[in-house]
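Colleague: Just to be clear, the model below is a prediction. Sequence and coordinates:
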Amino acid sequence: MSGDPGVSRRRLFGLAGAGAAVGAAGFAGGLGVAHAAEPDAADRASSPDRSAVDRYPFHGPHQAGIVTPAQDRLHFAAFDVTATGRAELVALLREWTAAAAQLTRGHEVGGGTPGVYEAPPADTGEALGLPPSRLTLTFGFGPSLFGDVEGKDRFGIGGRRPRALRRLPHFPKDNLDPDRSDGDLCVQACADDPQVAVHAIRNLSRIAFGTAALRWSQLGFGRTSSTSTTQQTPRNLFGFKDGTANLKAEEARLVDEHVWVGPDDDPGARWLAGGSYLVARRITMNIETWDRTSLREQENLVGRDRTEGAPLSGGKEFSPPDFTVKGSDGKPLLTADSHVRLAHPSQNDGVRMLRRGYNFTDGNDALGRLDAGLFFVAYVRDPGTHFIPMQTKLAAQDGLMEYLQHRGSALFAVPPGIRRGEYVGQALFT
Ligand SMILES: C=CC1=C(C)c2cc3[nH]c(cc4nc(cc5[nH]c(cc1n2)c(C)c5CCC(=O)O)C(CCC(=O)O)=C4C)c(C)c3C=C
Ligand SMILES: [Fe+2]
């Protein structure tokens, strides 16, 4: 494995596939501009699967897990740093980076080198024998890392806090649970196998022991967006196609304009250039009430038809909505309180966002109602222009809000991609 000390889980079990060349070709041709990093020998796919690759490069100009085609499963974790020193924080970021490079290649944490028999193993073991499953690990820094509630700058980085990195404001109808909100650090683990995603978060949490503690986490079981034109549009738990009008990796110019932080966006935080901002919202959906709502009402609230996902103004799934088309009653077919009308770029100063959310359910509540919803994740160049105004409007005017409750909220600055030999966010500390 190209000099990497890690032992491939696949190789360990004698499963090495013959599809590496096919996989690499598929990556280059299928992804186009999606992730500018060229896979090296160790990053190449070891077996063909649905998308022709089973792993994505960890190193590159942008972190993987943003424009990377959205995988099927999510384990998202937010951490509080418990250590008080900058050196300990940097040491954690170094260790996380090394482990993430191994995990995304399908290797064991610690490289599979045998440890002391009397000591716990370096890797927890539940992913042994599993392929990389297109695991991506994406790291972010929360506002509190730069200054805690008392304004204390624990790590000497307060002066480099990006201007836009502040706790998200309280939006109308927010019913937030502090135990499901905020955090100093975050890790987004996405994979096509839930065991691989959970294994990654478990092992990164374990590495953090003594330096950072898990604050909250969220599992997601079905993507609610497409981030590449190669993907079919999935459905959310309201049964509607979600992700149709999402920004796609192939739209490189728009991704540059709306997702990546530019070098001159914030002169006091140039370390973030090439990175992005991650907005996370845990939104519970009142499934039982929705299921008792007529299809006509459901479609009017969304602004698209349920079967095809076409705008109610006519056309097919990817036809642009026409807000001027009126029904026989003289009213617009896309009503003023429909989600698609309110969220459309033409009603929001032209802003776009890269949505990367997941369906979730945590079983049922005491009344037997499904505790389910959408874990909304979006990547934006500036939350002040690309998220806060839209969410303020949706919270106040969106007809869907009758069926939704925002229970968790967080914002993180996502550093740019990681070069070999460096650790995530290194430019912030040098
Ligand atoms: C503030 C941003 C948004 C939140 C929060 C949000 C929650 C949310 N959305 C759906 C279902 C759908 N959303 C759709 C489109 C859509 N949503 C947003 C933003 C937020 N959604 C945008 C920017 C768009 C695209 C608008 C456009 O350009 O046309 C759709 C339609 C299909 C699609 O284009 O993706 C659905 C369906 C739910 C259920 C939800 C909260 C639980
Ligand atoms: Fe939406």
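Modeller: Right, received. Where do you want to start? Residues are numbered from 1 along each chain as shown. Ligands and ions are numbered 1, 2, ... in the order given.

Colleague: Shouldn't Leu342 be within a helix?
Modeller: Yes - counting by DSSP: H, G, I helix; E, B strand; the rest coil, Leu342 is located in a helix.

Colleague: ok, it - contacts?
Modeller: When contacts are counted by CB atoms under 8 Å, 6 or more residues apart in numbering, Leu342 is found next to Met390, Lys393, Leu394, Gln397, Asp398. In short, each C-beta sits where N, CA and C put it, glycine included.

Colleague: can you redo the residues you listed as TSV with secondary structure?
Modeller: Formatted as TSV, those follow (three-state DSSP):
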residue	secondary structure
Met390	helix
Lys393	helix
Leu394	helix
Gln397	helix
Asp398	coil
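
Colleague: And what about Glu95, helix, strand or coil?
Modeller: Put simply, Glu95 is helix when judged by three-state DSSP.

Colleague: same deal with Tyr379?
Modeller: Applying three-state DSSP: Tyr379 is strand.

Colleague: distance of it from His170?
Modeller: Taking CB to CB, to the nearest Å as the measure, Tyr379 falls 22 Å from His170.

Colleague: just the helices in the stretch 151-300 of the chain please.
Modeller: Counting by DSSP state H, counting those that start in this stretch, one finds helices in the stretch 151-300 of the chain at the ranges 194-208, 252-258, 287-291, 295-302.

Colleague: hey, which of these is tucked in deepest?
Modeller: Neighbour counts (mean count of other CB atoms under 10 Å) averaged over each of the helices of the stretch 151-300 of the chain peak at helix 194-208, with a mean of 21.

Colleague: and that helix, average pLDDT?
Modeller: Helix 194-208 shows a mean pLDDT of 98.

Colleague: Show me what it is packed up against.
Modeller: Here helix 194-208 touches strand 73-81, helix 86-104, strand 185-191, strand 212-220, going by 3 or more CB pairs under 8 Å, 6 or more residues apart in numbering; DSSP states H and E.

Colleague: quick one, which of the ones you listed is nearest to ligand 1?
Modeller: Closest of those to ligand 1 is strand 212-220, at 12.4 Å (criterion: CB to the nearest ligand atom).

Colleague: Give me the buried positions along the closest one.
Modeller: Ala212, Leu214, Arg215, Trp216, Ser217, Gln218, Leu219, Gly220 (16 or more other CB atoms under 10 Å).

Colleague: Tell me the gap between it and the middle of its chain.
Modeller: In this view, strand 212-220 has its centroid 14 Å away from the chain centroid, taken as CA atoms, centre = their mean, to the nearest Å.

Colleague: do stretch 169-188 as well
Modeller: On CA atoms, centre = their mean, the centre of stretch 169-188 falls 15 Å from that of its chain.

Colleague: for that stretch, how far is the first residue from the last?
Modeller: 22 Å (CA to CA, to the nearest Å).

Colleague: Then stretch 65-76?
Modeller: 12 Å.

Colleague: what about it and ligand 1, touching?
Modeller: No - remark: stretch 65-76 sits outside contact range of ligand 1, by CB under 6 Å from any ligand atom, the gap being at least 12.2 Å.

Colleague: Over to stretch 409-418?
Modeller: No - judged by CB under 6 Å from any ligand atom, stretch 409-418 stays clear of ligand 1, getting no closer than 10.3 Å.

Colleague: if we can go back for a sec, which one of Tyr379 and His170 has more residues nearby?
Modeller: The neighbour count for Tyr379 versus His170, taken as other CB atoms under 10 Å, is higher for Tyr379 (30 against 11).

Colleague: In contact with that one: list those residues for me.
Modeller: Per CB under 8 Å, 6+ apart, neighbours of Tyr379: Ile66, Val259, Ser276, Tyr277, Leu278, Val279, Met353, Leu354, Arg356, Val414.

Colleague: Show me the two of those residues that sit farthest apart.
Modeller: With CB to CB as the measure, no two of the contacts of Tyr379 lie farther apart than Met353 and Val414, at 13.5 Å.

Colleague: who's more crowded, the two?
Modeller: Between Met353 and Val414, Val414 has the larger neighbour count (other CB under 10 Å), namely 27 against 22.

Colleague: ok, Val53 touching Arg134?
Modeller: Yes - under the criterion of CB atoms under 8 Å, Val53 makes contact with Arg134 at 6.9 Å.

Colleague: Compare those two (neighbour count), which wins?
Modeller: Just comparing Val53 and Arg134: by other CB under 10 Å the higher neighbour count belongs to Val53, 29 against 26.

Colleague: got a pLDDT number for the more buried one?
Modeller: Reading off the model, Val53 has pLDDT 85.

Colleague: Now do the SS call for it.
Modeller: At Val53 the chain is in coil, as set by three-state DSSP.

Colleague: ok, now the one 5 residues further on?
Modeller: When the structure is split into helix, strand and coil by three-state DSSP, Phe58 lands in coil.

Colleague: Just the strands from the stretch 301-430 of the chain, written as ranges.
Modeller: 354-355, 358-364, 370-380, 404-414 (DSSP state E, counting those that start in this stretch).

Colleague: right, and those strands - which one's nearest Gly125?
Modeller: Closest to Gly125 of the strands of the stretch 301-430 of the chain, according to CB to CB: strand 358-364, at 25.7 Å.

Colleague: just to revisit the earlier point, filter the contacts of Leu342 to the buried ones?
Modeller: Neighbour-count burial (16+ other CB under 10 Å) applied to these gives Met390, Lys393, Leu394, Asp398.

Colleague: Could you single out the nearest of these to Ile418?
Modeller: Using CB to CB, Met390 is the member of the buried ones among the contacts of Leu342 that lies nearest Ile418, at 30.3 Å.

Colleague: unless I'm mixing things up, that closest one is touching Asn348, no?
Modeller: Yes - Met390 lies in contact with Asn348 (CB under 8 Å); the separation is 5.2 Å.

Colleague: who wins for neighbours among the contacts of Tyr379?
Modeller: Using other CB under 10 Å as the neighbour criterion, Arg356 leads these with 31 neighbours.
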